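S.K.: let's see this in three dimensions:
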Amino acid sequence: MRRLRNVKIVATLGPASNDYEMIRKLHEAGADVFRLNMSHGDHSEIKARHEIIRQVEKDLDSPIAILADLQGPKLRVGTFANGEEELVEGAAFRMDLDEAEGDESRVRLPHPEIFAALEVGAHLLVNDGKIRLEVTACGADFADCVVIAGGTISNRKGVNVPDVVLPLAALSDKDRADLEFVCQLGVDWLALSFVQRAEDVNEARELAQGRAAILSKIEKPAAVKAFNEILEVSDGIMVARGDLGVELPVQNVPPIQKQLIRKCRAAAKPVIVATQMLESMIESPMPTRAEVSDVATAIYEGTDAIMLSAESAAGSYPIEAVTTMNNVAIEVEDDPTYQEIIEASRTANRTTVADGIVAAAREIAETTDVKAICCFTQSGTTALLTARERPRVPIIALTPLVGTARRLCLSWGTNVFLTGGDVERFKMAVVGAARAARMMGLAEEADQIVVTAGVPFNVTGSTNILRVAPCEERLIFRTDPE
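M.R.: Residues are numbered from 1 along each chain as shown. Below is the predicted model:
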């Protein structure tokens with residue numbers, strides 16, 4: 001399905017978007033990727049949503065990526081005898097391993113690994129950071145704190161520990177079971193929560209065994225510090241601004257977002273900007289001006305994708321939320337300033353033949369009357385390198401592999417075309433590219449396209465040839481040497 005924009009839209013499915021008609025309408029409205037949140041819904045519900053997406057994909061003959069978002073370990077306090085207590089600024093409060101119900105002076109924190117990592121001066125954040133505690137003394141089974149910011153603390157509220165790297169694996173037992181389940185289903189991307197170090201990503205990759213690409217969620221200060229190492233072993237990144245904004249001062253998040261997007265682009269790896277993008281549209285058919293500006297900013301920064309969470313999963317206006325994102329993207333990308341910003345942020349990171357080929361393809365397209373850049377790809381790498389260049393003309397990624405086609409639905413500006421079989425000669429590759437460009441409405445017979453491929457064919461990472469070709473089949477055969 002051809003889009004009139006380059007940035008991709010990720011929509012989370014949930015109670016408000018559970019049936020065939022709604023999921024189809026969301027895709028038609030602009031959703032390129034559907035997110036299955038493993039924190040909500042059992043395996044039977046996840047399977048049902050997966051099957052509906054694949055049916056929509058088949059009915060519309062339009063590749064769709066499915067992203068399974070693993071929950072990650074959840075750190076929560078225990079329960080209170082009264083259900084809740086009011087913590088006052090300056091008061092003392094203890095967290096410990098005692099199984100007794102909590103009161104105004106203490107509560108159970110059933111995570112000994114937290115106490116093992118804490119130091120005096122570290123902070124504990126409760127209930128999305130609304131309550132802030134500073135550690136004054138700690139041991140193997142307790143943490144004495146002073147209340148820095150008070151409020152109501154109640155049963156099983158979440159706890160964030162921003163100042164230390166916790167000795168916790170990113171994958172809980174639930175996550176391992178969920179990972180195996182969704183890999184057997186056939187999802188395309190796995191989003192990994194609670195990433196703190198590159199080793200967390202490597203563990204998920206070993207379990208996935210190539211069945212899905214790994215996308216690391218950056219939601220902890222430790223992940224920001226170790227970002228270069230995490231990016232190197234990840235297939236993609238999500239800037240998860242919700243928890244990031246809890247664990248860091250909120251004013252730190254915008255520059256971090258910008259830095260991470262640029263690093264992902266330089267590495268030719270897709271990046272999603274997520275959380276609270278159109279939050280008010282959970283209950284309102286219209287977004288706020290600030291939300292529209294937030295979405296636009298992410299697009300101006302060059303992100304590959306923008307994401308809806310509760311807006312499409314549980315909100316009253318899921319289709320309107322997707323439509324709003326789609327319209328904002330079209331308007332921003334039509335702004336001459338957008339192209340200026342994108343081109344000014346382009347980095348020359350060319351160390352391989354493939355880097356040089358895709359850079360040349362972009363330069364040719366921008367200096368001549370070329371309508372599209374067509375790249376043949378097995379693993380998707382050539383398409384990702386082409387997307388890194390952010391060319392002014394459409395990108396057509398041609399691949400015989402449905403898995404590659406689906407994963408590329410997350411990549412900026414990439415229009416995916418399944419070739420239906422392996423290509424063995426470059427002449428036939430050019431013919432196939434011309435047909436795809438015409439079928440997708442991106443070029444006519446009188447137009448020219450740029451075709452890139454690797455010879456010999458069907459070898460990953462072998463992009464080494466470029467040709468400017470006409471879109472008319474007869475002319476291709478007449479001018480191409482035997």
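
S.K.: okay, and the helix or strand of this protein with the least pLDDT?
M.R.: Evaluated with mean pLDDT, DSSP states H and E, the helix-and-strand set of the chain has its lowest mean pLDDT in helix 473-479, which scores a mean of 49.

S.K.: looks to me like Phe181 is in a helix.
M.R.: Yes: residue state for Phe181 (DSSP: H, G, I helix; E, B strand; the rest coil) corresponds to a helix.

S.K.: next, the contact list for it, please.
M.R.: Applying Cβ atoms under 8 Å, 6 or more residues apart in numbering, we find Phe181 in contact with 43, 46. (Each C-beta comes from the backbone N, C-alpha and C, glycine too.)

S.K.: and if you look at Ala240?
M.R.: Residues in contact with Ala240 (Cβ under 8 Å, 6+ apart) are 193, 217-219, 274-275.

S.K.: out of those, who's nearest Ile153?
M.R.: Of all the contacts of Ala240, Glu219 has the smallest distance to Ile153: 22.1 Å, by Cβ to Cβ.

S.K.: wait, isn't the closest one in contact with Ser193?
M.R.: Yes: with contacts defined as Cβ atoms under 8 Å, Glu219 counts as touching Ser193 at a distance of 7.0 Å.

S.K.: how about low-confidence regions in this structure?
M.R.: Counting by pLDDT under 70, the chain contains low-confidence ranges at 348, 421-424, 457-461, 473-482.

S.K.: so in it, which helix runs the longest?
M.R.: In the chain, with assignment by DSSP state H, the single longest helix is helix 43-60.

S.K.: how close does Gly356 sit to Ile465?
M.R.: Shown here: Gly356 relative to Ile465, a distance of 12 Å by Cβ to Cβ, to the nearest Å.

S.K.: who touches both of those two?
M.R.: For the pair Gly356 and Ile465, no residue contacts each of them under the criterion Cβ under 8 Å, 6+ apart.

S.K.: higher neighbour count, Glu219 and Ser193?
M.R.: Set side by side, Glu219 and Ser193 show more neighbours around Glu219, with 27 against 24, by other Cβ atoms under 10 Å.

S.K.: and the more buried one, what is it in contact with?
M.R.: For Glu219, the contacting residues are 193-195, 240, 242-244, 247, by Cβ under 8 Å, 6+ apart.

S.K.: can you do 7 Å?
M.R.: Taking Cβ atoms under 7 Å, 6 or more residues apart in numbering as the criterion, Glu219 is in contact with 240, 243-244.

S.K.: closest one to Ser309 out of those, please.
M.R.: Ala240 (9.9 Å).

S.K.: which strand residues bridge that closest one?
M.R.: Taking DSSP bridges, one obtains Ala274 as the residues bridged to Ala240.

S.K.: strands of the stretch 201-350 of the chain, residue ranges please.
M.R.: The residue ranges that make up the strands of the stretch 201-350 of the chain, judged by DSSP state E, counting those that start in this stretch, are 213-218, 236-240, 271-274, 305-308.
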